[in-house]
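>>> Okay, structure incoming, though there's no sequence with it:
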């Protein structure tokens with residue numbers, strides 16, 4: 001058993017039934033599929049599933065797709081643990 005598994009139990013837990021989640025799904029639904037960002041998505045998804053990582057921040061200039069990549073990556077890991085989307089654009 002790896003160190004993260006000893007500290008946190010199983011590093012990833014699959015939620016068996018989407019409808020039985022004890023939290024509300026807050027991810028926005030994109031209008032179109034994401035295209036050409038496989039590398040970035042894989043990197044963000046890996047970071048989000050790392051049991052030792054507590055926070056992931058995406059930075060970049062406006063309009064490069066940070067929010068879109070974050071939503072797609074969060075949707076992919078949502079089956080492992082709860083994901084909550086908080087829009088900060090108005091802050």
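Now that the structure is in, tell me what you want to look at. Source: prediction; values computed, not measured.
>>> Give the rounded mean pLDDT of stretch 27-46.
Averaging pLDDT along stretch 27-46 yields 89.
>>> Please pull up the helix or strand immediately following the helix or strand bottoming out on mean pLDDT in the chain.
Ranked by mean pLDDT, DSSP states H and E, the weakest helix or strand in the chain is helix 3-8, scoring a mean of 47. Tracing the chain past helix 3-8, the next element assigned as helix or strand by DSSP states H and E is helix 38-48.
>>> quick one: that next one to chain centroid distance?
9 Å (Cα atoms, centre = their mean, to the nearest Å).
>>> so what's the closest residue to residue 68 other than its chain neighbours up against?
Nearest residue to residue 68 in three dimensions, chain neighbours excluded: residue 34, at 6.2 Å (Cβ to Cβ, 6 or more residues apart in numbering). Where C-beta positions appear, they are placed from N, C-alpha and C, glycine not excepted. Residues near residue 34 by Cβ atoms under 8 Å, 6 or more residues apart in numbering: 41, 68-69, 72.
>>> Dump those into a markdown table; add distance to residue 82, neighbour count and secondary structure as well.
Formatted as a markdown table, the contacts of residue 34 follow (distance: Cβ to Cβ, whole Å; neighbours: other Cβ atoms under 10 Å; DSSP: H, G, I helix; E, B strand; the rest coil):
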| residue | distance to residue 82 | neighbour count | secondary structure |
| --- | --- | --- | --- |
| 41 | 20 | 16 | helix |
| 68 | 21 | 16 | helix |
| 69 | 19 | 19 | helix |
| 72 | 17 | 19 | helix |
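>>> Kindly present those residues as JSON lines, with separate columns for distance to residue 60.
Below are the contacts of residue 34 laid out as JSON lines (distance: Cβ to Cβ, whole Å):
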{"residue": "41", "distance to residue 60": "15"}
{"residue": "68", "distance to residue 60": "11"}
{"residue": "69", "distance to residue 60": "10"}
{"residue": "72", "distance to residue 60": "15"}
